[in-house]
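Student: have a look; sequence and predicted model below, questions after that.
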Amino acid sequence: MIETERLPISTNVPSSAHPSAFSNGYQCISRNPYLRSDNSSVFTGHPYYSSVFPQQTYFSTHRNFALSNILPLENQFNANISGLLSVNPIKDDRADASMRDESLRRLLSLHRAYYDLSSLTFCKAVYLVDVFITRVKVKPRYMMILTMACYYIASKFDSIKQMPPTLESLVRMADCGGSSDDLLKMVQIVLTKLGTNVIAAIGSSSATALDFLSALLADANKGVQDVVLPTFLLREVENALCSTKSAQFRPACLALALLVSYKQVCPPPCVNDSESPTFKILETLEFADLRPIADFCNISWDEVEACSRTLYEGGVLESYSPAKSSVPLSRVMWSLAKRKRLNVSISVPPKLKTICENGEAEMEE
């Protein structure tokens with residue numbers, strides 16, 4: 001099923017990791033350090049906004065404490081997925097950008113409607129998918145079950161004690177083919193190919209676009225760390241990660257682009273967001289404050305504008321309402337009969353060939 005493509009990934013880690021146990025009698029997470037890397041690939045584009053920035057702003061005269069803490073970890077959550085845009089799935093027999101995006105949109109629908117897990121869990125699942133498919137050749141028919149496996153792994157690190165997804169429910173609700181045993185084997189393949197150091201570092205630390213948004217707003221609020229992001233920002237980050245074109249930007253760049261887009265468009269907030277204390281911080285944040293942040297993060301303003309344009313052209317900014325989704329109703333995978341939702345263990349013949357222990361599919365007709 002898979003062929004390993006060796007791409008450089010840093011495993012130089014200085015801190016302890018968050019232990020977490022998986023079901024079926026095996027432990028996959030132990031104490032491990034964080035990942036660090038000094039280099040990261042960034043997609044660049046042409047300017048989208050023209051702006052004039054003053055010499056002195058809030059962020060040019062105050063230290064960025066929260067940003068300083070997560071910037072060294074950013075490369076953990078910045079897999080270089082731009083190569084997927086040039087993959088020919090028929091010729092190469094490999095999942096491409098469109099297949100990645102489709103599987104993540106299906107996962108997002110399931111995540112929002114059926115599993116009450118955090119947006120951070122979804123972001124970490126996306127990163128696991130991205131780092132796996134950049135290191136390993138994945139055949140198109142296994143893209144969906146791989147996505148579910150990564151979501152299952154990420155759910156083990158969710159600090160919010162909600163009902164965790166089971167292997168059986170993920171297989172049935174996502175309609176990805178195969179059985180729960182096949183999904184478990186895929187989980188084990190992901191753990192083997194990425195290694196427990198990488199998995200543990202992702203689980204114990206966090207430098208996603210959500211974390212950068214929280215850090216930016218915390219610094220804007222004089223270092224107050226208890227920042228709960230408005231629902232519309234959570235939704236927009238999730239939507240952005242489901243598109244390879246926008247997900248290929250650095251997490252810090254994506255966070256800045258979302259703030260730029262918000263300050264440009266200024267959509268009317270929903271009632272819940274307008275009552276949020278964090279929303280008040282957003283209202284007081286000046287557009288001119290964002291340029292010094294980009295400089296602090298070593299991001300050119302052209303890249304921020306290119307990301308903003310990509311978000312706009314990709315439809316990510318069509319609606320900031322938490323009641324709406326960018327996923328068409330015809331593709332909402334969780335729209336199931338009540339009977340099936342209550343009994344996700346209904347016996348259905350698997351559509352995929354059985355995944356063997358060595359990670360290869362049996363060549364049965």
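Tutor: Cool, the structure landed.
Student: and stretch 311-318, what's buried?
Tutor: For stretch 311-318, the neighbour count (16 or more other Cβ atoms under 10 Å) marks 311-312, 314, 316-317 as buried. Every C-beta, even on glycine, is put in place using the N, C-alpha and C of the backbone.
Student: export it to CSV, keeping only CA atoms.
Tutor: The C-alpha trace of stretch 311-318 is given here as CSV (Å, rounded to 0.1, in the frame of the first residue of the first chain):
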residue,chain,number,x,y,z
LEU,A,311,-8.3,32.3,1.7
TYR,A,312,-10.6,34.7,-0.2
GLU,A,313,-10.4,32.9,-3.5
GLY,A,314,-10.8,29.5,-1.8
GLY,A,315,-14.1,30.5,-0.2
VAL,A,316,-12.8,30.1,3.3
LEU,A,317,-14.1,33.6,4.2
GLU,A,318,-17.5,33.2,2.7
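Student: and the average pLDDT for that stretch is what?
Tutor: On average, the pLDDT along stretch 311-318 is 82.
Student: equivalent analysis for stretch 167-175, please.
Tutor: Averaged over stretch 167-175, pLDDT sits at 88.
Student: and that stretch, C-alpha only, in CSV?
Tutor: The C-alpha trace of stretch 167-175 is given here as CSV (Å, rounded to 0.1, in the frame of the first residue of the first chain):
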residue,chain,number,x,y,z
LEU,A,167,-12.3,2.6,15.9
GLU,A,168,-15.7,1.0,15.0
SER,A,169,-17.6,4.3,15.0
LEU,A,170,-14.9,6.0,12.8
VAL,A,171,-15.1,3.3,10.2
ARG,A,172,-18.9,3.3,10.0
MET,A,173,-19.6,7.0,10.3
ALA,A,174,-16.9,8.0,7.8
ASP,A,175,-17.8,5.2,5.4
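Student: where are the low-confidence patches of the protein?
Tutor: Within the chain, the stretches with pLDDT under 70 are 1-64, 161-162, 223-225, 266-276, 318-365.
Student: show me what whatever helix or strand residue 185 lives in is packed against.
Tutor: Here residue 185, judged by DSSP states H and E, is contained in helix 180-194. In terms of contacts (3 or more Cβ pairs under 8 Å, 6 or more residues apart in numbering; DSSP states H and E), helix 180-194 is packed against strand 2-4, helix 119-135, helix 143-155, helix 167-174.
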